[in-house]
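Asks: Sequence plus the predicted model coming up.
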Amino acid sequence: MLPNAGTERYPYISAMAKLTSLDDLGSLLSESEKKALKEQAPTAAPRKGYDGRPQKLDVRLDSKHRRGKTVTLVSGFQSTPDELEEIAGKLKRLCGAGGTVLDNAIAIQGDHRTAIIAMLKKLGYQIK
């Protein structure tokens, strides 16, 4: 805190309240700014595939050819390799696990089906 806080040199400092949450930050916005933020609420549009129809992804648990280790396999993508790498990175950070991109599929180590399905729906994908 400044040494002369609350004096005539810094009169605005004594009037400032400590912000402790995001709700406190919202109180600093004007009513028109709050209204504009509510109107801009993000809604994920369905992701379209190459044929123009929404992509339907298959999320399943797999342990074949992995010495008994389970992975959550997400297949059915119609995306570029760069988009797959980006999505795989998001899923790996979400689950706190390793993973890789296979042929139009993403493998995440461990059983994370519920978290992955929730994230993919949030991103606009349909799940079979």
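Replies: That came through, no problem. Numbering: from 1, shown residues only.
Asks: Can you give me the pLDDT of the residue lying closest to residue 69 once chain neighbours are set aside?
Replies: Nearest non-adjacent residue to residue 69, counting by C-beta to C-beta, 6 or more residues apart in numbering: residue 63, 6.4 Å away. C-beta here means a position set from N, CA and C on the backbone, and glycine is covered the same way. On pLDDT, residue 63 comes in at 83.
Asks: Residue 63: neighbouring residues, count only.
Replies: For residue 63, the count of nearby residues is 12 (other C-beta atoms under 10 Å).
Asks: what's it in contact with, if anything?
Replies: 69-71 (C-beta atoms under 8 Å, 6 or more residues apart in numbering).
Asks: pLDDT (mean, whole number) over stretch 37-48?
Replies: 67.
Asks: mind checking which helix or strand of this protein has the lowest mean pLDDT?
Replies: Using mean pLDDT, DSSP states H and E, the weakest-scoring helix or strand in the chain turns out to be helix 11-15, at a mean of 55.
Asks: after that one, next one along is what?
Replies: Sequence-wise, the next helix or strand downstream of helix 11-15 (DSSP states H and E) is helix 22-26.
Asks: what residues does the longest helix belonging to the chain touch?
Replies: In the chain, assigned by DSSP state H, the helix with the most residues is helix 81-95. Contacts to helix 81-95, defined as C-beta under 8 Å, 6+ apart, come from residues 72, 74, 77, 79, 98-101, 104, 106, 108, 110, 112, 115-116, 119, 123.
Asks: What of stretch 108-118?
Replies: 59-61, 69-72, 74, 88, 91-92, 94-95, 97-99, 127.
Asks: Quick one: name whatever helix or strand follows the longest helix of the chain.
Replies: Next helix or strand after helix 81-95 toward the C-terminus (DSSP H and E): strand 99-102.
Asks: related to what we said a few turns ago, please spell out the ChimeraX selection for the buried subset of the contacts of helix 81-95.
Replies: What follows is the ChimeraX syntax for the buried subset of these, where burial is set by 16 or more other C-beta atoms under 10 Å:
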select :72,74,77,79,99,101,106,108,112,115,116,119
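Asks: got a list of what residue 106 touches?
Replies: 73-75, 77, 84, 87-88, 91, 99-100.
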